[in-house]
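J.: Give the three-dimensional model of this entry:
(one chain, ligands or ions: 1)
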Amino acid sequence: MLQLELSSAMFTTAAILLGCCYFFLQSRRNAKLPPCPVRPWPLVGNIFSVGEDIRAQFRAWHSQCGGLFSLYFGPTLVVVVSGYKTIKEVFVQRGAVSSDRPRMYMNEAIGMDETGIIFASGAIWKELRSTTLQILKEFGLGTNMLADKVHEEVEICVDKLAELDGEPVDLQHVARVSVSNVICNITVGKRFGHDDPRFKGTVESLMRVAESSRGATAINFLPFLKYIPGDMFKAKQIGDNMNRVKDLLVEIVSEIESTAGAKANEDREGNYVFSYRRREHEKMQAGKKTSLDYDNMIKTIVDLFSAGTETVSSTIAWCVLFIINKPSVQVKVHEEIDREIGQQRQPTMADQARLPYLGAVIKETQRLASIIPFSIMHKAAEDITIGDITIPKGTALIPNLDSVLHDPEIWGSDADTFNPERFIDKDGALIHREEFIPFSIGPRICVGEALGKIELFLFLSAMFQRFHFKAIDPLNPPTLKPNIGITAVPAIYDVICIDRFKNNHVNV
Ligand code: HEM
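T.: Below is the predicted model:
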């Protein structure tokens, strides 16, 4: 009897499972997936079909297939979302179900899966994101501590460039150390000298991680690749570099949280660690369930460092590079700053409205450089239906921001050239366009957007006020061809910074 009941139960379970499989397969068959521009290879899919020039490749596939096309990275379906209308539909209108992240090797490499902001999903991500935004907002209000911390670094950076007395310099390196120091000051209340070997090493590690992102993408979807001898996919390099960044931050945090440091830290209210710990304590006291703990704090600080360093420093480097390739723009920037600010004081955030041309130069730099061309991958938390196409739950999504920032239908037939005038109206005022989305859109929009904008304005206005930037060989300026990893960075170049305060407003 018991045997009969058991076999009948097994039969029923098997029938239900088969039924589920049938309906699952049927629904997959019925669902119309976005078209595939190229045939996937067995096992690896399209992971090696994307050529060196990924921008041009995605452009071609976008015009071949439309706003949604499918690729397979290993066995995983990846949908590339292109064009402003489709990006808005998927990431804003369906933002509630398109904002998870796929598993990323970079987290695993430092033993911190599902922690922090950038790579976490669901409740942990929501709490850490909103806590971080609240803290940054608090710092930006009232005393405007954010702008003060940026100012401190701007002054040091400008002095450092002036000291060179016209010697050529790798501007992006100097900007990287300065910008990283801004994040360091905000998160742990400490800054380092430009020549501090440990900090320089950490900043270099951040750059190396961004460079190795192609290998990381392959490992994300085909984890066995990390075991291939010779570190072909840079698994070890990514792990070592991420750990260097994490180790420095762990060391500083334990320093400021030690008995002696804790007191000093309390007196120095106004760093992320202090504000985070206060919120964590309040939630624990109130008996609330919270993800605010030590691991999530460390990972969030690592995230702020990684997301906030390469982005801002490479935008600064792009801006100067575009300008030495188009000197007439520099003349106009200098004229505006000389007229509106002069030399007696450094520009402040209150001057932003008085410098619309510089505002246009910054926007045009961000548009053309398109420094995170394919944003950061998202993942569909549910099936997403757009017209007659269904993107199944679990699909990895690539927001093709580049397709919007370079779209000739939005920006005109000269969309691929540097032309700040496109952001200036007939009365000389700055134009704001909703299609300007270098910080992405939707619930995952960049957490550091406000800080990034403050940094770009304060660094670039002070740099142009003080210097005339010149290519070493003005007839043969450095290339505009980017190196594309997670970020599109300029190839390393040296530039000459002529001190305008010493050289009577040099403009040529
Ligand atoms: C020029 C400057 C910057 C640009 C262009 C930029 C752009 C972006 C983009 C495109 C994303 C991906 C959004 C998505 O997943 O759809 C992002 C995410 C993020 N950015 Fe930025 N960013 C900049 C500066 C910063 C700064 C200064 C910080 C640090 C304070 C920062 C922190 C973050 C974080 C934490 C995320 C992850 C947000 C999340 O997953 O919820 N970014 N940024």
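J.: need the residues of the chain near the ligand, please.
T.: In this structure, the chain approaches the ligand at residues 117-118, 129, 303-304, 307-308, 311-312, 315, 371-372, 375-376, 399, 438-440, 444, 446-448, 451-452, judged by Cβ under 6 Å from any ligand atom. All C-beta atoms are positioned from the backbone trio N, CA, C, and that covers glycine.
J.: Low-confidence ranges, the chain, go.
T.: 1-31, 141-143, 213-215, 259-269, 504-508 (pLDDT under 70).
J.: Of all residues in the chain, which one is closest to the ligand?
T.: For the chain, the residue closest to the ligand is Gly448, as judged by Cβ to the nearest ligand atom, at 2.1 Å.
J.: so is Ile498 in a helix, a strand, or just coil?
T.: With DSSP: H, G, I helix; E, B strand; the rest coil as the basis, Ile498 sits in strand.
J.: brain fart, Asp351
T.: helix.
J.: out of everything not next to it in sequence, what's closest to it?
T.: What sits nearest to Asp351 in space, not counting adjacent residues and going by Cβ to Cβ, 6 or more residues apart in numbering, is Ile341, at 6.1 Å.
J.: give the contact list for the one you found.
T.: Contact partners of Ile341, counting by Cβ atoms under 8 Å, 6 or more residues apart in numbering, are 347, 351, 354-355, 461, 465.
J.: would you list every one of the strands in the stretch 151-300 of the chain?
T.: Under the criterion DSSP state E, counting those that start in this stretch, the stretch 151-300 of the chain carries no strands.
J.: quick one: the helices in it?
T.: With DSSP state H, counting those that start in this stretch, the ranges of helices along the stretch 151-300 of the chain come out as 171-188, 197-211, 213-221, 235-257, 259-267, 272-285, 294-325.
J.: Redo the ones you listed as a markdown table? Include distance to Asp427 and mean neighbour count.
T.: Output for the helices of the stretch 151-300 of the chain, formatted as a markdown table (distance: least, Cβ to Cβ, whole Å; neighbours: other Cβ atoms under 10 Å):
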| stretch | distance to Asp427 | mean neighbour count |
| --- | --- | --- |
| helix 171-188 | 33 | 24 |
| helix 197-211 | 40 | 19 |
| helix 213-221 | 42 | 21 |
| helix 235-257 | 46 | 18 |
| helix 259-267 | 49 | 12 |
| helix 272-285 | 41 | 16 |
| helix 294-325 | 24 | 23 |
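J.: so which of those comes closest to Trp41?
T.: Shortest distance between Trp41 and the helices of the stretch 151-300 of the chain, using Cβ to Cβ, is found for helix 213-221: 12.9 Å.
J.: dump the residue contacts of the residue nearest the centre of the chain.
T.: The residue lying closest to the centre of the chain (Cα atoms, centre = their mean) is Ala307, at 4.8 Å. Ala307 makes contact with 118, 446-448, according to Cβ under 8 Å, 6+ apart.
J.: What about those, which are in helices?
T.: Using DSSP state H, no member of these falls in helices.
J.: Need the buried ones from these selected in PyMOL.
T.: Typed into PyMOL, the line below selects the buried ones among those, using 16 or more other Cβ atoms under 10 Å:
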select buried, resi 118+446+447+448
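J.: which of the contacts of Ile341 are buried?
T.: 347, 351, 355, 461, 465.
J.: Can I get those in CSV including secondary structure?
T.: Formatted as CSV, these follow (three-state DSSP):
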residue, secondary structure
Pro347, coil
Asp351, helix
Leu355, coil
Ser461, helix
Gln465, helix
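J.: Give the helix, strand or coil label for the closest residue to Gly412 other than its chain neighbours.
T.: Here the nearest residue to Gly412 in space, its sequence neighbours aside, is Arg422; by Cβ to Cβ, 6+ apart that works out to 6.8 Å. Following three-state DSSP, we place Arg422 in the helix state.
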